[in-house]
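[1] with the sequence up front, the predicted model follows.
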Amino acid sequence: MSIKEEIISFARDIEIDLIGFCDINFDEGLINFLKEKRELGLLTGFEEENENKRTDIKKIMEDAQTIIAIALPYKTADINTKQIHISKSSIGLDYHIVLKEKLLKLCNFLIEKYGAKAVSFCDNNPLCEREIARKSGIGFIGKNNSLITKKYGSYVFLGEIITNIYIERDKAVENKCGSCTICLNACPSGALLKPWYIDPRKCISFLTQKKEELTDSEKKLLGLNIYGCDTCQDVCPYNKTAEYSKIEEFKPFGWEANINPDFILGLTNSEYKCTFKKAS
């Protein structure tokens, strides 16, 4: 087997069935897009503001040659939370724990098998995760900014590994949204300004993560959304046929079906941490 085939085979053994490979270069169009979003004030606060730091892989690993992208599916059930809304991404074990463990195993495989350098990233990093996944053939970036895969729709968590060994590249996936604007029209807060442009000040998902006190207008936008929103994903045609994840750790804890606003509001800080400490 080739190096690429061996890596894919090992990835399958640790429940990674979406994996791809790309070079370390990004085109000028992406850099200009990131710059435009920054100048328009459309950054979320979770990403690196400097677009050069987001696209210069050599600053992370001087002799880097390949980026490995992986995606883990998380939709395990059609949960019933009629009284409030909790994102599908938050009803199982914190994905950071699951994803980091699998990335570490893959890094160790590269190091031990090929003597490679390998550094992994999960969520809290400067990388353009969705663009890397697109370049690596895992999926395309929808008009709602979600990475959409053929098998699992957009219900996936992303991770990356930068390595100094050359691995055969995959073909980038081009956009498949066509003229569809279902997600743009469905956004309950009008946060999707136009394709690929989100105003985080209106996005319900971002507002549920805001650490500062909410304004009255922000509270109205939230409604009964406790964590996340999912609307722009749930209406996407590609998610209608999305397969369920088989990853055991992402199965619901069980409390989500019975949770209600009074229960949430009645929790002390310690009770809240105890109830949700394993969720993301």
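    Nice, thanks for sending it over. The shown structure was predicted, so the numbers you read here are calculated from the model rather than taken from an experiment.
[2] tell me how many other residues crowd Tyr238.
    Around Tyr238 there are 20 other residues, counting by other Cβ atoms under 10 Å. All C-beta spots, glycine's among them, are computed from the backbone N, C-alpha and C.
[3] my reading is that it lies in a helix. Confirm?
    Yes - under DSSP: H, G, I helix; E, B strand; the rest coil, Tyr238 falls within a helix.
[4] got the contact list for it?
    142, 148, 150, 153-154, 176 (Cβ atoms under 8 Å, 6 or more residues apart in numbering).
[5] try it again with 7 Å
    148, 153 (Cβ atoms under 7 Å, 6 or more residues apart in numbering).
[6] tell me the spacing between it and Asp170.
    According to Cβ to Cβ, to the nearest Å, Tyr238 and Asp170 sit 19 Å apart.
[7] one more: Cys22?
    7 Å.
[8] where in the stretch 51-200 of the chain is pLDDT low?
    79-83 (pLDDT under 70).
[9] that one: strands as residue ranges?
    Counting by DSSP state E, counting those that start in this stretch, the stretch 51-200 of the chain has strands at residues 66-73, 85-86, 118-121, 140-141, 147-148, 156-163, 192-194, 197-198.
[10] make JSON lines from those and add distance to Glu129 and mean neighbour count to it.
    As requested, the strands of the stretch 51-200 of the chain are exported to JSON lines (distance: least, Cβ to Cβ, whole Å; neighbours: other Cβ atoms under 10 Å):
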{"stretch": "strand 66-73", "distance to Glu129": "8", "mean neighbour count": "25"}
{"stretch": "strand 85-86", "distance to Glu129": "23", "mean neighbour count": "22"}
{"stretch": "strand 118-121", "distance to Glu129": "8", "mean neighbour count": "19"}
{"stretch": "strand 140-141", "distance to Glu129": "10", "mean neighbour count": "20"}
{"stretch": "strand 147-148", "distance to Glu129": "8", "mean neighbour count": "26"}
{"stretch": "strand 156-163", "distance to Glu129": "5", "mean neighbour count": "24"}
{"stretch": "strand 192-194", "distance to Glu129": "19", "mean neighbour count": "15"}
{"stretch": "strand 197-198", "distance to Glu129": "15", "mean neighbour count": "18"}
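[11] looking at the ones you listed, spot the one closest to Val98.
    strand 66-73 (6.8 Å; Cβ to Cβ).
[12] strands paired with the closest one, and their directions?
    strand 18-22 (antiparallel), strand 156-163 (antiparallel) (DSSP bridges).
[13] quick one on the thing from earlier: which among the strands of the stretch 51-200 of the chain is found nearest to Cys232?
    Using Cβ to Cβ, the strands of the stretch 51-200 of the chain put strand 192-194 closest to Cys232, at 6.4 Å.
[14] which residues touch that closest one?
    144, 183-184, 198-199, 232.
[15] same thing but 6 Å
    184, 198-199 (Cβ atoms under 6 Å, 6 or more residues apart in numbering).
[16] please state the offset of it from the chain centre?
    Remark: strand 192-194 is offset 19 Å from the chain centroid, using Cα atoms, centre = their mean, to the nearest Å.
[17] that older thread, and Cys22 and Asp170? Which one has more around it.
    Cys22 (24 against 16).
[18] so how far is Ile67 from that one?
    Distance from Cys22 to Ile67, by Cβ to Cβ: 5 Å.
[19] swap in Tyr166?
    For Tyr166 relative to Ile67 (Cβ to Cβ), the value is 12 Å.
[20] would you map the helices across the stretch 1-150 of the chain?
    For the stretch 1-150 of the chain, the helices defined by DSSP state H, counting those that start in this stretch cover 3-13, 28-39, 51-55, 95-114, 129-135.
[21] Thr76 is nearest to which of these?
    helix 95-114 (11.9 Å).
[22] contacting residues for Asn70?
    You called it Asn, but residue 70 is Ile. Ile70 neighbours (Cβ under 6 Å, 6+ apart): 16, 19, 159.
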